[in-house]
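Asker: Next come a sequence and a model predicted from it.
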Amino acid sequence: MTQQITYYPYLGSGKIYARVAGAAAGLMDLGNASKLEIVVKDKKVSLQDFSKPGGGTYASVSRIENATLNMTLNDLNKGNIARAIFGTGSDVAGATVVDEVVTAYKGALVPLAHPQPTAVVVTNSGALITYVANVDYEVRAGGIFILDAGAITDAESLKVDYAYVAYNNVEAMTSTAIVLELHFEGLNEANSGKPVIVDIYRAQLSPAKALSLLGDKFADLTVDAEVLIDATKTGVDISKYFRVMLA
């Protein structure tokens, strides 16, 4: 017989792992997270006491209406961003580009198809004139900036050769909400670091409310999800939603 534990103050740290529910894939680490919270909302049905003046409650029944999951993710990696904005993430291998055609405007940035260009060569459309870096243009992280004092004219068609390193690409709003299986591997720092394991079988994500790109503090992703039933979980006193295991 398992002994009932009374003393169990809790201050948690730990890791969150996830995969698409039902997928034949491993549980992947979501990275640093500063919040993981399960919120259970109830619906109360009450019967008023009509038997005497003054009223009161004659009977009341509470039912769980739903359970939601709130996460704050601090690693804005490809997978977390893609899931948060219903996007599609991919890995782009480094390569070189020859004769990417762009249109230049003085005092303005010309974006290139790939970020962090190096070994940049800029010519006119006929490749007869080669323009000079830091005289006619500047190389920037997202492309080339056309200098006012340079020889490149407004609305001029240019050809750009460059190299770029591997990077992650996320295309926003290209997929529907996904349902994740989540596994929390926590440690209770208030009780000698004993493990606290939580399995959430199916959680349907809502899109992040914001993707913060500028600010004076570390950015994060706040992601909510609704805990759904998992019909494959069967048996007496077996939850179809989630479980908590305390060591």
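Answerer: Received the coordinates, thanks.

Asker: Quick check: residue 229 is in a helix.
Answerer: No. Under DSSP: H, G, I helix; E, B strand; the rest coil, residue 229 sits outside any helix and is assigned coil.

Asker: Might you report the residue contacts of it?
Answerer: Shown in contact with residue 229 (Cβ atoms under 8 Å, 6 or more residues apart in numbering): 202, 240-241. C-betas here are computed from N, CA, C, even on glycine.

Asker: Show me how far stretch 43-56 is from its chain's centre.
Answerer: 47 Å (Cα atoms, centre = their mean, to the nearest Å).

Asker: Please disregard the earlier target; I meant stretch 240-247.
Answerer: 24 Å.

Asker: CA atoms only for it - export them in CSV, please.
Answerer: Taking C-alpha atoms only, stretch 240-247 is exported to CSV below (Å, rounded to 0.1, in the frame of the first residue of the first chain):
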residue,chain,number,x,y,z
LYS,A,240,-8.8,10.6,-20.9
TYR,A,241,-7.3,14.1,-20.5
PHE,A,242,-4.1,14.2,-18.4
ARG,A,243,-2.3,12.7,-15.5
VAL,A,244,0.1,14.0,-12.8
MET,A,245,2.7,11.6,-11.2
LEU,A,246,4.3,12.7,-8.0
ALA,A,247,7.4,11.0,-6.6
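
Asker: And that stretch, what's buried?
Answerer: Residues of stretch 240-247 classed as buried: 241-242 (neighbour count, 16 or more other Cβ atoms under 10 Å).

Asker: Can you give the contact residues for it?
Answerer: 5, 8, 38, 67, 194-202, 227-231, 233.

Asker: ok, back up a step: which ones among the contacts of residue 229 are found in helices?
Answerer: Among the contacts of residue 229, no member falls in helices (DSSP state H).

Asker: These in strands, which ones?
Answerer: Among those, the members found in strands (DSSP state E) are residue 202.

Asker: Now render the contacts of residue 229 as JSON lines, adding pLDDT and distance to residue 12.
Answerer: Converted to JSON lines, the contacts of residue 229 look like this (pLDDT from 0 to 100; distance: Cβ to Cβ, whole Å):
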{"residue": "202", "pLDDT": "98", "distance to residue 12": "22"}
{"residue": "240", "pLDDT": "96", "distance to residue 12": "24"}
{"residue": "241", "pLDDT": "97", "distance to residue 12": "20"}
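
Asker: Which one of the contacts of residue 229 is nearest to residue 103?
Answerer: For these, the residue nearest residue 103 by Cβ to Cβ is residue 202; the value is 49.0 Å.

Asker: Verify the stated contact: the closest one with residue 179.
Answerer: Yes. Between residue 202 and residue 179 a contact is recorded at 5.2 Å, counting by Cβ atoms under 8 Å.

Asker: how about residue 184, phi and psi?
Answerer: With angles defined as degrees, to the nearest 10, residue 184 sits at phi -100, psi 120.
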